[in-house]
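Chemist: what's the 3D shape of this:
(one chain, ligands or ions: 2)
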Amino acid sequence: MSEQTVQIRTSGKVLQSPCGPIVHGLEDVLIKNTTISDIDGEKGILWYRGYRIEDLAKFSNYEEVSFLVLYGRLPTRSELKEYERRLKSSRDLHPATVEVIRALAKAHPMFALEAAVAAEGAYDEDNQKLIEALRVGRYKAEEKELAYRIAEKLIAKLPTMVAYHYRFSKGLELVRPRDDLSHAANFLYMMFGKEPDPLAAKGIDLYLILHADHEVPASTFTAHVVVSTLSDLYSSVAAAIAALKGPLHGGANEMAVRNYLEIGDPSKAKELVEAATKPGGPKLMGVGHRVYKAYDPRARIFKEFSRDYVAKFGDPKNLFAVASAIEHEVLNNPYFQQRKLYPNVDFWSGIAFYYMGVPYEYFTPIFAVSRVVGWVAHILEYWENNRIFRPRACYAGPHDLQYIPIDQR
Ligand SMILES: CC(=O)SCCNC(=O)CCNC(=O)[C@H](O)C(C)(C)COP(=O)(O)OP(=O)(O)OC[C@H]1O[C@@H](n2cnc3c(N)ncnc32)[C@H](O)[C@@H]1OP(=O)(O)O
Ligand SMILES: O=C([O-])CC(=O)C(=O)O
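Modeler: Ligands and ions are numbered 1, 2, ... in the order given. This is a model prediction of the structure:
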């Protein structure tokens, strides 16, 4: 590959190579224009479609926020009602998908979710129609309508997939979705088979609002890479789930709570935090962010909710107390201060879930239940001006080696 002359906007880590600079981890590399969400990483501000996350958390709910993220504006009352009706009528899964989830009942739910989304896509007739249209290069009004319908189906079905996996994993009867409950309340109802406590339903709703979109993190970028080949929405969402699963991304919410449980005592927080400052030491889960060089605004909101939740239901495993002690150490430790590492969205999010009875393996799947709207909104935005992603790598090995037959090596 020849030397690059393109100017790349980056303040991040650049590796030198014989072919030119390599922007390690694509830090600050712009991949497209977007109107979906924006982050001010220095000030710690997040907007969805121009609305501050704090306002949406206070005044809205997931149904309205997901409409906003997908369609670009707040719905009217009748539009919202119709959108909710469509979501509720799409909650059921294809029988083949249910079988896939059952077969993976003992696996981590993120594996099951990936497989379930792919299975649902294989059987969705709208998806097959869209695949056929894309095959001949057609993406006009009719196909866009199909794509939005599929997007809504994905939003509607992910909660059912996660709840069904939980029921299978416990050997319990499935609880069919109820169309008189909100997205958040129905999710808890399908998991536990009873109407949820209102504060628990509010907590899930708040979490879903706060995770709906975040510009182009690893999972959303993965979704772009997949659809840029004109692969389908379900496959792209399955791939995004695979990327979300890792502990450097969405998987950190599970890991953070597992740390709090392992420590169990706020007096041990300093030890854990100091271990993370040692060269080669374990990273502190739920801390640090590629874009935020300030406190993550979502973490601030969810910390308040977690405080309210433990005030009502108690903190018998010391999760809130341990997390508070870790936060205190992080904010006062020069290692974290110099690198501008603050608690991120995954730091506080699992505490209330744990006390609602949600096992920690389900924290990242619930992230996906929310983020699916961000993924599909970005996919549809990218398809308006699609080009296949195909970067280059600088080859650093030898050329033209002489092939030696196996018995002469
Ligand atoms: C929803 C989400 O995805 S939010 C992120 C969830 N992930 C986590 O919480 C996992 C822990 N955090 C991390 O691993 C990182 O902060 C990431 C992956 C989020 C961001 O990574 P990057 O932008 O690549 O930052 P990078 O790894 O270059 O870190 C910069 C410096 O801070 C250090 N650092 C970053 N995060 C942490 C951490 N959690 N604990 C200890 N040190 C850390 C790095 O070791 C590096 O130090 P150095 O400059 O001495 O080498
Ligand atoms: O933006 C990121 O890199 C990760 C993140 O916080 C998210 O996806 O919500």
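Chemist: Please make it C-alpha for all contacts and neighbour counts, starting now.
Modeler: OK.
Chemist: does stretch 30-48 come close to ligand 2?
Modeler: No - on the criterion C-alpha under 6 Å from any ligand atom, stretch 30-48 is out of touch with ligand 2, staying 8.7 Å away.
Chemist: Helices of the stretch 151-300 of the chain, start to end?
Modeler: Here the stretch 151-300 of the chain has its helices, by DSSP state H, counting those that start in this stretch, at 183-192, 198-210, 218-227, 233-244, 252-263, 269-275, 297-313.
Chemist: Can you redo the ones you listed as TSV, where the extra columns are distance to ligand 1 and mean neighbour count?
Modeler: TSV is the format used below for the helices of the stretch 151-300 of the chain (distance: least, C-alpha to the nearest ligand atom, whole Å; neighbours: other C-alpha atoms under 10 Å):
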stretch	distance to ligand 1	mean neighbour count
helix 183-192	20	24
helix 198-210	11	21
helix 218-227	8	23
helix 233-244	7	25
helix 252-263	5	21
helix 269-275	8	17
helix 297-313	10	18
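Chemist: which other helices and strands contact the helix-or-strand element of the chain with minimal mean pLDDT?
Modeler: Using mean pLDDT, DSSP states H and E, the weakest-scoring helix or strand in the chain turns out to be strand 14-15, at a mean of 88. Applying 3 or more C-alpha pairs under 8 Å, 6 or more residues apart in numbering; DSSP states H and E, we find strand 14-15 packed against strand 22-23.
Chemist: What is the strand it packs on packed up against?
Modeler: Right, strand 22-23 is packed against strand 14-15 by 3+ C-alpha pairs under 8 Å, 6+ apart.
Chemist: who does the strand it packs on pair up with?
Modeler: Note on strand 14-15: by DSSP bridges, its sheet partners are strand 22-23 (antiparallel).
Chemist: near ligand 1 at all, the partner strand?
Modeler: No - with C-alpha under 6 Å from any ligand atom as the criterion, ligand 1 is not reached by strand 22-23; the gap is at least 11.3 Å.
Chemist: ok now that strand, how far from the chain's centre?
Modeler: Taking C-alpha atoms, centre = their mean, to the nearest Å, one finds the center of strand 22-23 at 25 Å from the center of the full chain.
Chemist: ditto for stretch 201-220
Modeler: So, by C-alpha atoms, centre = their mean, the centroid of stretch 201-220 is 7 Å from its chain's centroid.
Chemist: Same question for stretch 289-309.
Modeler: Distance, centroid of stretch 289-309 to centroid of chain: 16 Å (C-alpha atoms, centre = their mean).
Chemist: cool, stretch 366-374 as well?
Modeler: 5 Å.
Chemist: Run through who's touching that stretch.
Modeler: 66, 69-70, 151, 154-155, 158-159, 162, 207-209, 211-214, 220, 237, 241, 244, 250 (C-alpha atoms under 8 Å, 6 or more residues apart in numbering).
Chemist: one more time with 6 Å, if that's ok
Modeler: Residues from elsewhere that reach stretch 366-374 (C-alpha atoms under 6 Å, 6 or more residues apart in numbering): 158-159, 208, 211-213.
Chemist: ok, and does it reach over to ligand 2?
Modeler: No - where contact is defined by C-alpha under 6 Å from any ligand atom, no part of stretch 366-374 touches ligand 2; the two come within 8.1 Å at best.
Chemist: quick check: mean pLDDT across that stretch?
Modeler: Averaged over stretch 366-374, pLDDT sits at 98.
Chemist: With only the CA atoms kept, save that stretch in PDB.
Modeler: The C-alpha coordinates for stretch 366-374 follow below in PDB (Å, rounded to 0.1, in the frame of the first residue of the first chain):
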ATOM      1  CA  ILE A 366     -30.800  -5.800  28.100                       C
ATOM      2  CA  PHE A 367     -28.300  -3.300  26.700                       C
ATOM      3  CA  ALA A 368     -29.000  -4.900  23.300                       C
ATOM      4  CA  VAL A 369     -32.700  -4.700  23.900                       C
ATOM      5  CA  SER A 370     -32.300  -0.900  24.100                       C
ATOM      6  CA  ARG A 371     -29.500  -0.400  21.600                       C
ATOM      7  CA  VAL A 372     -31.200  -2.300  18.800                       C
ATOM      8  CA  VAL A 373     -33.000   1.000  17.900                       C
ATOM      9  CA  GLY A 374     -29.700   2.800  17.600                       C
END
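Chemist: Right, I'll leave it there.
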